[in-house]
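1. I'd like to go over a predicted model; first the sequence, then the structure.
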Amino acid sequence: MHKGLKIIKKTFIETISVQGLKAKNLSYHQSRLNQTISSNFGTDHKIDLQNSITPPDTNFYRCRVIYDTKIIKIEYLPYVMKKLYSFKVLESNIEYPYKNTNRAEIDELLSKKEDCDEIIIAKNGLLRDTSIANIAIFKNNRWQSPHVPLLKGTMRAKLLDEKKIITANLTIDDLKKAKRFAIMNAMIGFVELQKFYIKPI
């Protein structure tokens, strides 16, 4: 090892909705956490989220669990949903298969949203995600979510298991034509936007 070489250790995040002292959809977060540890550290070591999350009171919190092979820090942050209306579509080859603490590439894309509220990332013309949520378009009488998202969200996984959404290769053209559009993540659940605007591409 070269003298002075700094080793940057990977750290990851689970963002969990906590209200009334209860963590929502915890089994999905536990599953993703276990898979992340196994894939990135080559170990089957388990972190017990159920017994690690102890909210301070019954308020609505964004519980942020930072971990590697063990829990590094747990934060309970008051949560207010961000209002989203306008979206700018950006083509990018970004890969973000695990929810980690390094969001530099996502933040760089966000800096290009111009006067829009949020971005929608596409790769080779196929839709993926916003910077904070999975997406869905109502097409052919079904809610369809991108087959290859930027990140496999826990709410998306739950809705797929419940067969409330399906996956499909959704294009930028599908988005332009969409009459109904929704976003989903652990904090907001599944939210159909009553009004939305896609900036011309």
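-> Sure thing, it's come through. No experiment lies behind these values; they were computed from the predicted model shown. Residues are numbered from 1 along each chain as shown.

2. OK, contacts around Leu151?
-> 96-99, 129, 134 (C-beta atoms under 8 Å, 6 or more residues apart in numbering). All C-beta atoms are positioned from the backbone trio N, CA, C, and that covers glycine.

3. from those, which two are the most distant?
-> Tyr98 and Asn134 (15.0 Å; C-beta to C-beta).

4. So which of those two has more stuff around it?
-> Asn134 (25 against 16; other C-beta atoms under 10 Å).

5. Dihedrals phi and psi, the more buried one?
-> For Asn134, the backbone dihedrals are phi -70, psi 160 (criterion: degrees, to the nearest 10).

6. before we move on, what about Asp161?
-> According to degrees, to the nearest 10, Asp161 has phi -60, psi -40.

7. Counting by contacts, list what the biggest helix by length in the chain packs against.
-> The longest helix of the chain (DSSP state H) is helix 26-41. Applying 3 or more C-beta pairs under 8 Å, 6 or more residues apart in numbering; DSSP states H and E, one finds that helix 26-41 contacts strand 12-19, strand 61-67, helix 154-161.

8. could I get these as CSV with mean neighbour count and distance to Leu170?
-> Formatted as CSV, those follow (neighbours: other C-beta atoms under 10 Å; distance: least, C-beta to C-beta, whole Å):
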stretch, mean neighbour count, distance to Leu170
strand 12-19, 21, 24
strand 61-67, 19, 28
helix 154-161, 19, 13
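
9. Can you lay out these as CSV showing distance to Ala182?
-> Below are those laid out as CSV (distance: least, C-beta to C-beta, whole Å):
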stretch, distance to Ala182
strand 12-19, 17
strand 61-67, 20
helix 154-161, 10
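
10. Need those in CSV (columns: mean pLDDT and distance to Ile53).
-> Output for the helices and strands packed on helix 26-41, formatted as CSV (pLDDT from 0 to 100; distance: least, C-beta to C-beta, whole Å):
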stretch, mean pLDDT, distance to Ile53
strand 12-19, 97, 7
strand 61-67, 97, 6
helix 154-161, 98, 14
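
11. which residues are in contact with the longest helix of the chain?
-> 10, 12, 14, 16, 23, 43-47, 49-50, 53, 65, 67-69, 98-99, 152, 154-155, 157-158, 186.
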